[in-house]
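*Asks:* Quick one, fold the following:
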Amino acid sequence: MARSLFIEELAQLARLAAFRPGLQMIVGEKGSGWSFDWRTDTVSIDGGRIETESADFTRGLVLHESAHAAITRLDAIVPVAVLKDRRLFALLNVVEDCRIETWMQIRFPGCRPWVRQYNDRLFRPVLAADPQRPPAAQFLTGLLTRWWFGKAAEPMGDEARQSVNSAWPAIERVLLALPPAPDALGDLSVSYARNPVSRCYTASDDHEPPDAFEKAVRMAQYEMWSIVHRDILPAYLRLLPPEDNLGKSLLVYFSRLQEAMPDRRVLGNLPATGLAATLHGARPPSPTPDEAPLKPTGHDPYLLSWERQHAAIELLAEWLLRWFQAHNRTRLRRGCPWGSRLDLHAAMRFEADLRLYDQLWCRPLVANRIDPHFSLVIDRSGSMRGKRIEQSFHGAVFLCEVCRRVGAPLNVYSFGSHAERLLHHDEPLSADVRARLGSLPESASGGTNLSAALEWVANDVCESPFQDRFVFVLSDGEPDDAEAARRQIARLAADGISVMGLGLGPETLRLRELLPVSQVNLAADELPGALATLLVQSLRER
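*Replies:* Predicted coordinates:
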């Protein structure tokens, strides 16, 4: 009877701390661990440790999982590919645990002895960890122990210690990214609407608008993620050995984006799969079956795809905006004998050394301005039916949303036995346009008349006033008339238009003969990430 009463007490504690009256608690088998499952709104506790640990130890861990339920929203904000990778998930788990336990002790001051009891017990062995552990593991344990004990676990290699020290100011900012108490909140409608995180919830907010506390929770979580992927994740990635298998698409994606935009944020490929996220003990999410393919229902397929990819869209758009600003900004050449602006630092040096009279001025450098126009050409022949055309549709939505956010014009075409234009860059993304794009997954049939699509592209783009014009072709095979396609590609090239290809499927090497700048033999799930990488690469190599 005493045990059942204690379990009921724990369940009530969990519901109170999580602000979820319907939250359920399950007592698992011995060694099952502690976790919270967002899909089922359930806290799972280790049945064995209830018997062996003190009541306060157990209360503390239940409160920990309830805090995840209350303020952790990583599954809706962070790209799925990041959450699904064990090493990257471990970093997020460590940082988020520090954040939620800071919030717990502020929100529920009486829990501090509970937290101290289980953290001292669980973290003490980390201080005497194996000195031969990899640098990335040293980094994670260093963050955790410095947060809790005030000092990083030793011994630690110089590289890991440097990374911990450089990341620590960011960790301190993460610990401040907390939602205020529900009773201290006013109207957050304007702040939430202006925050990028609101776009991560566009589809769900239409059906179930969040209250003020939920808005504050989401904005705090987005701030945490912004700090992590800007200031902590790059340092952690540098510690991972190059032979670590992060997954083919993710590794290529990271390396190319970091090469194109050094010291910027890292973006992972976002496949259209479900995610059952659990947090505790650095366990990766359990794999779930692929979600059902899009079908013509009462829901907007375009918005469904947008909802799946929201995090990746927002991150890449923000990247590109910063990149455009950096490349379009006028810079000054210093140390000139004449110019339009006096260099004040040089003038002060001139007072001490009159020989510097010919280095007093700054002259403006002509900015290497980028003025892009993108065209996406999608193969919807019969051989594309199924996952290939579905992922091509997701890639089209991804590119549409990114281009709209950064103000870059985009045309979208499709071709089977005949070609059609699905989107002109002057059109708004109205319900009719979204329906036109949303019909793409159901339209795969016929031949591969690439030349007709490229002719349409040429007629549209050759008259475009934009300086830097790029065409991306998504296909899974050779066109019906390769010679006609080559003539259209040569016509585009003669007008200074770059044409690049993405080959879907294991036998698409022939596409590279037609389009030398191509990524080929891509799996369907790799397409959205490969398309984003090609977009960045095209701008960088302009």
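
*Asks:* quick one, helices of the stretch 51-200 of the chain?
*Replies:* 55-71, 74-77, 80-84, 86-107, 112-127, 135-149, 158-174, 189-194 (DSSP state H, counting those that start in this stretch).

*Asks:* which of those helices has the lowest average pLDDT?
*Replies:* Among these, helix 80-84 carries the lowest mean pLDDT, a mean of 71.

*Asks:* Buried ones in stretch 381-389, by neighbour count?
*Replies:* Ser381, Ser383, Met384, Lys387, Arg388, Ile389 (16 or more other Cβ atoms under 10 Å). Bear in mind the C-beta positions are built from the backbone N, C-alpha and C, glycine included.

*Asks:* For the third one, what are phi and psi?
*Replies:* Meaning Met384. Taking degrees, to the nearest 10, you get phi -90, psi 0 for the backbone angles of Met384.

*Asks:* contacting residues for the closest residue to it other than its chain neighbours?
*Replies:* Leaving aside its chain neighbours, Met384 sits nearest to Ala444 (4.6 Å; criterion: Cβ to Cβ, 6 or more residues apart in numbering). Under the criterion of Cβ atoms under 8 Å, 6 or more residues apart in numbering, the neighbours of Ala444 are Arg380, Ser381, Gly382, Ser383, Met384, Arg385, Gly386, Arg388, Ile389, Gly416.

*Asks:* again with Ser475
*Replies:* Counted by Cβ under 8 Å, 6+ apart, Ser475 has contacts Asp379, Thr448, Leu450, Gly501, Leu502, Gly503, Leu504, Thr508, Leu511.

*Asks:* Surely the first one touches Ala419?
*Replies:* Right, the one you point to is Asp379. No: applying Cβ atoms under 8 Å as the test, Asp379 and Ala419 come out as separate, 10.6 Å apart.

*Asks:* Name the helix or strand of this structure that has the lowest mean pLDDT.
*Replies:* The helix or strand of the chain with the poorest confidence is helix 248-260; it has a mean of 38 (mean pLDDT, DSSP states H and E).

*Asks:* list the helices and strands the longest helix seen in the chain packs on?
*Replies:* Taking DSSP state H as the criterion, the chain has its longest helix at helix 301-328. Counting contacts by 3 or more Cβ pairs under 8 Å, 6 or more residues apart in numbering; DSSP states H and E, helix 301-328 is packed against helix 74-77, helix 202-207, helix 387-406, helix 431-438, helix 527-540.

*Asks:* Now distance to Val62 too, for the ones you listed, in a markdown table please.
*Replies:* As requested, those are exported to a markdown table (distance: least, Cβ to Cβ, whole Å):
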| stretch | distance to Val62 |
| --- | --- |
| helix 74-77 | 20 |
| helix 202-207 | 28 |
| helix 387-406 | 39 |
| helix 431-438 | 44 |
| helix 527-540 | 38 |
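
*Asks:* List phi and psi for Trp338.
*Replies:* phi -150, psi 160.

*Asks:* Val43 now?
*Replies:* Given degrees, to the nearest 10, the pair of backbone angles that Val43 has is phi -100, psi 130.

*Asks:* Is it bridged to anything, and to what?
*Replies:* Met25, Phe36 (DSSP bridges).
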